[in-house]
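Enquirer: here is a sequence together with a model predicted from it:
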Amino acid sequence: MNLSKRYYYYILLLLTLFSLVDCSSDDKSASEELTMPIDTLTLDIIPTTPETRKQLTADDIIIDKQLLYDQYTLSDEYPYKDTVRLFQWDKIRETLAKLENHQPQPQFWGIVQNRKNKNGEAPLIRDIKRNKYKNIIDAYGVERYQGIPLFASKDSLAPERYARDGELVRIINTHETDSNRLIQLESVYRGGEWFVPHKYVKLIDILQYAKVVFVDRANQNIAALEKVGEVWLVRSMNPATTGQQRPPYQQETPLGIFVMAEKKEKMYYYKDGTTEIGGFSPYASRFCNGAYIHGVPVNKPGTNIIEYSASLGTTPRSHMCVRNASSHAKFIYDWGLINETLVVVIE
């Protein structure tokens, strides 16, 4: 799936015309950082001529196992209480086929971002709803807070829905209006083409994604895959514990295709409902809002890393995050590169 040299160099040339500035903050941690871009996009045309290629299906995706991390490794199917849990390789293949079908085109990848509303509170949608947390949501349950407005056309007065912070998008074009610069993009996870104010969009200087972490909410497991040649190699298969929907503080780990956006060797967290530090989670890799892949939490006054917890792989109980054995969280932390690694949450 390599791009032709002509398109490759053209994209690199275009990327030099983009200026990106970042600043940082966070609401779950006293020391976390946030990537917030301010883009100055000036191009009117982005090359979209695709290479001629058959569209892949799940059956075309080859998966093999060559583990780089081999502790606590789960089988393809394994018992849990009176049921059987598994790795959903069919869904994983479907997602990888979708990603590969996007990647041969000369294009720009992007991330939509609005951590802690640092890029501005998203405009209200027409039909306001509220969830169990009393937060404004769209018809699909995505919150306005930390959300990104998706407009159906460049002349819309109100967004149709919200995207989540950290979602992977494909940049199609830029458009000037009287009051704003809009980015026309495609959501890789939700599909469809949308218009988004440029301040919410960050360009990524990468041609292909070869590292993907899959988090399964239904089976409470996690798998890391890496493409080498034409084969996707499984690098780890482990138990994990995802977020629990339990208002007012705990939330589910969101479904979607996200970009690993930030890392913290220690992610400090507050006690629920306070600004008092409650402890830390080691080797945290953020992918959406306040959702991190991290190791076993260490509550104060503890200071030493805890390797494993019997709750891993059982039932959701985290605060949106994805808990792992701490050594596996470190593997993901070291192996996955910021902006170059995807985190896909399935169910």
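Expert: Yes, it's here.

Enquirer: identify the residues contacting the residue nearest to the spatial centre of the chain.
Expert: Centroid-nearest residue in the chain, with Cα atoms, centre = their mean: Phe258, separated by 1.7 Å. Residues in contact with Phe258 (Cβ atoms under 8 Å, 6 or more residues apart in numbering) are 164, 166-168, 287-288, 342-345. From N, CA and C alone the C-beta is placed, and that goes for glycine too.

Enquirer: so which of the residues you listed is the closest to His328?
Expert: Val343 (14.1 Å; Cβ to Cβ).

Enquirer: thinking that closest one is in contact with Ile222, fair?
Expert: No - with contact defined as Cβ atoms under 8 Å, Val343 does not reach Ile222; the gap is 9.5 Å.

Enquirer: quick check: neighbours shared by these two?
Expert: Taking Cβ under 8 Å, 6+ apart as the criterion, Val343 and Ile222 both touch 213, 215, 293.

Enquirer: helix/strand/coil for the residue nearest to the centre of the chain?
Expert: Secondary structure for Phe258, judged by DSSP: H, G, I helix; E, B strand; the rest coil, is strand.

Enquirer: out of the shared contacts of Val343 and Ile222, which end up buried?
Expert: 213, 215, 293 (16 or more other Cβ atoms under 10 Å).

Enquirer: out of those residues, which sit inside strands?
Expert: 213, 215, 293 (DSSP state E).

Enquirer: which one among the residues you listed gets closest to Leu337?
Expert: Nearest to Leu337 among these is Val213, at 11.7 Å by Cβ to Cβ.

Enquirer: where's that closest one relative to Asn238, distance?
Expert: Distance of Val213 to Asn238, given as Cβ to Cβ, to the nearest Å: 11 Å.

Enquirer: overlap in contacts of the two?
Expert: By the contact definition Cβ under 8 Å, 6+ apart, Val213 and Asn238 are jointly contacted by 222-223.

Enquirer: and the longest helix for this structure?
Expert: Taking DSSP state H as the criterion, the chain has its longest helix at helix 89-102.

Enquirer: I figured Val344 hits Val215, correct?
Expert: Yes - at 7.1 Å, Val344 counts as touching Val215 under the criterion of Cβ under 8 Å.

Enquirer: out of the ones in strands among the buried ones among the shared contacts of Val343 and Ile222, flag the one nearest to Asn131.
Expert: Distance to Asn131, by Cβ to Cβ, is smallest for Val215 among these, at 21.6 Å.

Enquirer: list the contacts of that closest one.
Expert: So Val215 contacts 222, 240, 242, 253, 293, 322, 343-346 (Cβ under 8 Å, 6+ apart).

Enquirer: state the mean pLDDT of stretch 131-140.
Expert: Per-residue pLDDT values across stretch 131-140 average out to 95.

Enquirer: off-centre distance for it?
Expert: Taking the mean of its C-alpha atoms, stretch 131-140 sits 20 Å from the chain's own mean (Cα atoms, centre = their mean, to the nearest Å).

Enquirer: quick one: end-to-end distance for it.
Expert: Its start and end residues considered, stretch 131-140 measures 11 Å (Cα to Cα, to the nearest Å).

Enquirer: just the residues contacting that stretch, thanks.
Expert: So stretch 131-140 is contacted by 124-125, 127-130, 141, 143-145, 147, 160-162, 245, 247-248, 251 (Cβ under 8 Å, 6+ apart).

Enquirer: on that earlier part again, got the shared contacts of Val343 and Ile222 as a markdown table, with distance to Lys330 and pLDDT columns?
Expert: Converted to a markdown table, the shared contacts of Val343 and Ile222 look like this (distance: Cβ to Cβ, whole Å; pLDDT from 0 to 100):
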| residue | distance to Lys330 | pLDDT |
| --- | --- | --- |
| Val213 | 14 | 98 |
| Val215 | 17 | 98 |
| Ile293 | 11 | 98 |
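
Enquirer: in CSV: those, plus distance to Asp70.
Expert: Conversion of these to CSV gives the following (distance: Cβ to Cβ, whole Å):
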residue, distance to Asp70
Val213, 17
Val215, 19
Ile293, 18
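
Enquirer: returning to that earlier point: and which of the ones in strands among the buried ones among the shared contacts of Val343 and Ile222 is nearest Tyr80?
Expert: Using Cβ to Cβ, Val215 is the member of these that lies nearest Tyr80, at 16.6 Å.

Enquirer: look up how far Lys65 lies from the closest one.
Expert: Between Val215 and Lys65 the computed distance is 18 Å (Cβ to Cβ).

Enquirer: same thing with Tyr333?
Expert: With Cβ to Cβ as the criterion, Tyr333 and Lys65 are 22 Å apart.

Enquirer: how about Gln251, what does it touch?
Expert: Listed by Cβ under 8 Å, 6+ apart, the contact set of Gln251 reads 133, 243-245, 319-320.

Enquirer: how about Gly295?
Expert: By Cβ under 8 Å, 6+ apart, the residues touching Gly295 are 281-284, 305-306, 323-330.
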